[in-house]
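Asker: Please work out how this folds:
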Amino acid sequence: MLPISQPACGNPGASRPARPAAIWMRPRTYMGRYPPPVAPALPAAQNTVDHEQIGDGDRSGRIRTYNFPQGRVTDHRIGLTLYKLENILQGEINELVDELTTYFQAQALQNAQSNQPTAS
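Answerer: Numbering: from 1, shown residues only. So this is what the prediction gives:
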């Protein structure tokens, strides 16, 4: 049992009136002497490149989703849905890679054909 005359807290200066005085007695080593650190601003071109590579964090920018209850993998870039999640998790990704390769090769071929000048 504690004597009545002693406070029940074991941390000196933890009482409410002592807190403001403790704050003002802290040394002011950093505050006021130096400006706060500022992150360097990136050029606008770098920001655009970063945004294109990373995206905006939106769910609509998803690449692939894995639906475990249905055993389904969907690659949203090419619209491919496979009901072979267990096989893909085991490392059998050849079917997925082949479909992606075919899609991106066809897209590159289409872009190359549309960029060729026409013979007049």
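
Asker: rest of the way, CA atoms for contacts and neighbours
Answerer: OK.

Asker: Give me the residue ranges of this structure where confidence is low.
Answerer: By pLDDT under 70, the low-scoring segments of the chain are 1-37, 39, 42, 50, 53-61, 118-120.

Asker: which stretches of it form helices?
Answerer: Per DSSP state H, the chain carries helices over the ranges 18-24, 44-54, 85-89, 94-115.

Asker: what residues does stretch 73-86 touch?
Answerer: 62-68, 70-72, 99-100, 103 (C-alpha atoms under 8 Å, 6 or more residues apart in numbering).

Asker: and which of these is nearest to Asn87?
Answerer: Closest to Asn87 out of those is Gly71 (9.5 Å), distances taken as C-alpha to C-alpha.

Asker: The nearest residue to the closest one once chain neighbours are set aside - how many residues pack around it?
Answerer: In this structure, Gly71 finds its nearest non-sequential neighbour in Leu85, 4.9 Å apart by C-alpha to C-alpha, 6 or more residues apart in numbering. Neighbourhood size, Leu85 [other C-alpha atoms under 10 Å]: 20.

Asker: rewinding a little: give me whichever of the helices of the chain is most buried.
Answerer: helix 85-89 (a mean of 14; mean count of other C-alpha atoms under 10 Å).

Asker: residues contacting Phe68?
Answerer: The contact partners of Phe68, taken as C-alpha under 8 Å, 6+ apart, are Leu85.

Asker: before we move on, the earlier item: could you provide the helices of the chain in CSV, with additional columns for distance to Arg77?
Answerer: Below are those laid out as CSV (distance: least, C-alpha to C-alpha, whole Å):
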stretch, distance to Arg77
helix 18-24, 56
helix 44-54, 15
helix 85-89, 18
helix 94-115, 9
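
Asker: Sounds good, over and out.
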